[in-house]
Each structure stands twice: as C-alpha cells, then as structure tokens.
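**Q** Attaching a predicted model along with its sequence, questions to come.
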Amino acid sequence: MANVTIYTDGAASGNPGRGGYGTILMSGVHRKELSGGYAYTTNNRMELMAVIAGLEALTQAQCNVTVYSDSSYVVDAVEKKWVFEWEKKKFQKWKNADLWQRFLKSYRQHTVKFVWVKGHAGNPFNERCDKLAVAASAAPNLPDDVFYIEMQHDNDLFD
C-alpha cells in the first residue's frame, strides 16, 4: 500500500461567494497540486471539495492516506464519526449532502486519517494550499456550484 500525504484548504470570498480549493498530494518523491473554484459557494464546501479532489486523484486503491486540513468542520465530521451518523439518516436536512456522499465513495477506497492543522500559522503546505484556493476563487469564468444554488433555492421556498 502506498503512503500518501494530502494537504488541503478551501476559501470563499463572501461566504457564500466566489470560492476555491487547493490540494497538495505527496507520496515519496512525487508531488501534485490541484485547485478549482466555483462562482457561488461556501467555505465549508470548498474545504470538503479540497479533500475530495485529493482522494479522487489517487490512482491506486487501498492507499494509506493522511489528510492535513485546517477545517474543523471536515476533520471533526470524520474523526468524530459524525458523517457516518448523517449517512445512516440518509443526510436528511444535512448541508453539503452531495459532497459528503461523494467524499465517502473515495474515502472507502483507502485507509484515511485526518489531522487538524492551525491555518495561517506558517505551515508551508497549508500556506501553499491557501494560495491555490484563493487564486482558484479569483479565476475568471468559474462554474456554478449547482447543488449549492439549488439547495439555497429549495430552502428559500420554505422560509
């Protein structure tokens, strides 16, 4: 089994607003950077999307993966097993259900542990992910985060 380290970060300007994610994958001498963004999304969605992008980029199954994230939302949801309780309830009325379901597909293909890191505290990989996320959020012609927009519209119907 390959050992992989993934650093992640998400950003949103406005929250909701323009958003982006940055991911760094490392294994042995190999290193890969990923980023992307959406025209209208949230910081939590981008934090989770950064992890998803990293896990989905793995080409081998059954890797030992350590994910470093400054998102308590993501780290706690997995390490404290909340996401598995949400799944049992079919994510009813739970925010970001689309991304959590997508996350679980990739998560289950590997042995994954999460480590929370303090953001903006000088960790060079976390800082690089932040730069990737912010740059991605500022890119021109970002696609819509369709699920988020539809979720917002559906919630507006019942307010």
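**A** It's in. Predicted model only: the values in this text are computed from it and were never measured.

**Q** mind listing what the helix or strand harbouring Thr23 pairs with, with the direction of each?
**A** Per DSSP states H and E, Thr23 falls inside strand 17-27. Sheet pairing for strand 17-27, assigned by DSSP bridges, gives strand 3-13 (antiparallel), strand 30-41 (antiparallel).

**Q** chain center to that strand, what's the gap?
**A** How far strand 17-27 lies from its chain's middle: 7 Å, per CA atoms, centre = their mean, to the nearest Å.

**Q** Dump it to PDB, restricted to CA.
**A** Output in PDB follows, covering the C-alpha atoms of strand 17-27 (Å, rounded to 0.1, in the frame of the first residue of the first chain):
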ATOM      1  CA  GLY A  17     -19.500  33.900  -2.600                       C
ATOM      2  CA  ARG A  18     -16.700  33.000  -5.100                       C
ATOM      3  CA  GLY A  19     -14.800  30.000  -3.700                       C
ATOM      4  CA  GLY A  20     -11.900  27.900  -4.400                       C
ATOM      5  CA  TYR A  21      -9.900  24.900  -3.100                       C
ATOM      6  CA  GLY A  22      -6.300  23.900  -3.100                       C
ATOM      7  CA  THR A  23      -4.800  20.400  -2.600                       C
ATOM      8  CA  ILE A  24      -1.300  19.100  -2.400                       C
ATOM      9  CA  LEU A  25      -0.700  15.300  -2.800                       C
ATOM     10  CA  MET A  26       2.700  13.800  -1.800                       C
ATOM     11  CA  SER A  27       4.000  10.300  -1.900                       C
END
